[in-house]
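>>> What shape does this take:
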Amino acid sequence: MDRRVFLALVLFALVIIVPSLIWPSKPVRRVDGQTDSLSQATAVAESVRADSSHPKPPSATLPVSPSARLSADTVWVTTPLFRIGVSTRGGTIVSARLAEYKSFARGDSGKAVELVPAGEPFLARRIAVGSDTLDLTDLAFTPSARVMSVAGDAGTLTLTAERGASAITLAYTFRPDDYRIGVKGQITGLSAAGAQMLVGLGDGLRNTEADSTGSFRDYAVVTKSSKTEKHAFSSVSENERAIYDGPFEWAGIKSKYFLVGALATEPGQAQFAGAVAVGGPRPDSAKGLFGGKSGIATRVSVALTLPVPAAGDFQYSVYVGPLEHRRLAAIGHDLDDANPYGWAIFRPIIRWVSILVTNILLWAHESFGMAYGLLLILFGVLVRVVLWPLNQKAMASQMRLQAIAPDLKRVQEKYKGDPTRLQQETMKLYKEHNANPLGGCLPMLIPYPMLIALYFVFQYMIELRGSSFLWLPDLSRYDPTFILPVVMGLSMFALTKIGQRGIPPNPQTASMMYVMPAMMTFIFLRLSSGLNLYYLVSNLFSLPQQWMISQKRLKDQSKRSGTS
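Numbers count the residues shown, from 1 in each chain. Got it, this is the predicted structure:
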């Protein structure tokens, strides 16, 4: 039974994890020159089709890209957390540098993380009023300040513009300890039916990681209505328009470690009616495993639909920052689930285990000041100590089954022609010897939600990003020397070898003893070094228990041989 469980887990890893990890393609470059796929007004109409109370947008085009004829200045706002560049052309965000995080992308030389891609600003807005449309990126705004520094109290940057009889006001509020930016605005001259605003979130985030291919794999649109949903960029085909029906409390674009999103979570704020995503071209430099176009998508243009009442007032906030669990959890509204762990079927369990593990590691790091590498070692030991009784119970059950194996075989031969009697005698034999055929499997299956959760925690926990330990430059990335996965594979071989002591020889078991450790080593080569470190420690700490169990098995066999 243990062999079947182990095989099932290995196949699970092969099918789900391996394809996206062990065949790294060449570094992916974003493709510039994408056509303005969101310029069709039908995108707005489709995104609000679920709400019949909204006026139908016009059939005219709604340009998103800023007009090349309009000159623009950049207003720089600096807080302890980031430096934001706000353009006077449309009031868009053209730069967002995070002071506390360094970029590992090629050519950045350790600069602060920049989230805004070149030429694709955040918060490009356009308004549909009856048969008229207004693209705010065609307007030159006058800012209330040219430079702002926010260190103590919150600061507000106001931008104003006029177009005919309409006056437009945008106000951004910055706080020194928050990655959220408050957004308020007013547009005068709307009809009694109000209007629809399309709020652009750009076409993805700027790559911040050394492994650009792996980074782009994690790009996704995330939305929250009754539940959190993730739509990977790769699920939106080139030039495909994907419509996501709201209403949404929040929606955004995420990478592996960072998020840009719009939030309507405060009382009285109108929620976003829907979202539209248009797939960009797949880069030629990212080929699939067997040639052709790659499934890796580097660009997907995303915009949200926001209803604006006749008074012309609108309000929401924008999050531009890290996928930091505690910070997002403090905001509430399940924003900490913007980077969903695991696959949908397992997520309800994996999420809570992941939250528990993350909080334990953060608490220990803050309370004792220990390096994350050392904490992963201690955590691996702790988990093994907790699981020790379960492993003992599983092994004891296996030894009882092994002890009655000869009797079980005689019963099967005697009653092979009578299934009903065979079942009765088999159950009687189990009861007499206090043996349970599932007793060796169930205790070993219980820890696996923890193991799956740890895979996602160590792969995506931003606190491990850039954290070095011993020769490992970054616990969130694979070991560049491959020492850890190789030693981890050797430790798995040792565990299997010791575990076979006292078990009758079996050709299939003997082959597994070599094949499985080699296969798992191959799988772990490009997984995070933090994950490798944890599993290595877990295996090493299991060796004494495995040795003790095998010794007891040999003694029991010796006793049975002496009495027979």
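
>>> what does the model give residue 235 for pLDDT?
Residue-level confidence at residue 235 comes out at 86, pLDDT.

>>> Now do the contacts for it.
Counting by C-beta atoms under 8 Å, 6 or more residues apart in numbering, residue 235 touches residue 242. Bear in mind the C-beta positions are built from the backbone N, C-alpha and C, glycine included.

>>> where does this structure have its least confident helix or strand?
helix 42-47 (a mean of 40; mean pLDDT, DSSP states H and E).

>>> Longest helix in the chain, by number of residues?
If you go by DSSP state H, the chain has its longest helix at helix 529-563.

>>> The protein: helices as residue ranges?
Under DSSP H, the chain gives helices at 2-16, 42-47, 212-217, 325-331, 347-368, 372-403, 405-414, 419-432, 442-445, 448-460, 483-499, 507-524, 529-563.

>>> gap between stretch 111-128 and the chain center?
22 Å (C-alpha atoms, centre = their mean, to the nearest Å).

>>> Can you dump the C-alpha atoms of it in PDB for me?
The C-alpha coordinates for stretch 111-128 follow below in PDB (Å, rounded to 0.1, in the frame of the first residue of the first chain):
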ATOM      1  CA  LYS A 111      17.600  48.700  -8.600                       C
ATOM      2  CA  ALA A 112      14.300  49.100  -6.800                       C
ATOM      3  CA  VAL A 113      11.400  47.000  -8.300                       C
ATOM      4  CA  GLU A 114       9.600  48.900 -11.000                       C
ATOM      5  CA  LEU A 115       6.100  47.500 -11.700                       C
ATOM      6  CA  VAL A 116       4.900  49.700 -14.600                       C
ATOM      7  CA  PRO A 117       6.000  48.400 -18.000                       C
ATOM      8  CA  ALA A 118       7.400  51.000 -20.400                       C
ATOM      9  CA  GLY A 119       4.700  52.600 -22.600                       C
ATOM     10  CA  GLU A 120       1.700  51.000 -20.800                       C
ATOM     11  CA  PRO A 121       0.600  53.200 -17.800                       C
ATOM     12  CA  PHE A 122      -1.800  52.200 -15.100                       C
ATOM     13  CA  LEU A 123      -5.200  53.900 -14.700                       C
ATOM     14  CA  ALA A 124      -5.800  55.000 -18.200                       C
ATOM     15  CA  ARG A 125      -9.500  56.000 -18.200                       C
ATOM     16  CA  ARG A 126     -12.200  56.700 -20.700                       C
ATOM     17  CA  ILE A 127     -15.800  57.700 -20.200                       C
ATOM     18  CA  ALA A 128     -18.900  56.700 -22.200                       C
END
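
>>> can you pull the buried residues of it?
112-117, 120-128 (16 or more other C-beta atoms under 10 Å).

>>> mind listing what the nearest residue to residue 261 once chain neighbours are set aside touches?
Spatial nearest neighbour of residue 261, chain neighbours left out: residue 252 (2.3 Å); criterion: C-beta to C-beta, 6 or more residues apart in numbering. By C-beta under 8 Å, 6+ apart, the contact list for residue 252 reads 201, 221-222, 259-262, 319, 338.

>>> Give the buried residues for stretch 380-394.
Of the residues in stretch 380-394, those buried (16+ other C-beta under 10 Å) are 380, 383-384, 387, 391, 393-394.

>>> ok, how many other residues are close to the closest residue to residue 152 other than its chain neighbours?
Spatially, and ignoring its direct neighbours in sequence, residue 152 is nearest to residue 176 (6.7 Å; C-beta to C-beta, 6+ apart). Using other C-beta atoms under 10 Å, residue 176 is surrounded by 15 other residues.

>>> please renumber so the chain begins at 223
Understood, numbering begins at 223; the last thing we discussed is residue 398.

>>> Tell me the confidence at residue 398?
For residue 398, the predicted pLDDT is 93.

>>> just to revisit the earlier point, quick one, the longest helix of the chain and helix 705-721 angle?
10 degrees (axes from the mean of the first three to the mean of the last three C-alpha atoms, to 10 degrees).

>>> got a list of what the most centrally placed residue in the chain touches?
Among the residues of the chain, the one closest to the centroid is residue 561, at 3.9 Å (C-alpha atoms, centre = their mean). Listed by C-beta under 8 Å, 6+ apart, the contact partners of residue 561 are 444, 476, 478, 481, 545, 682.
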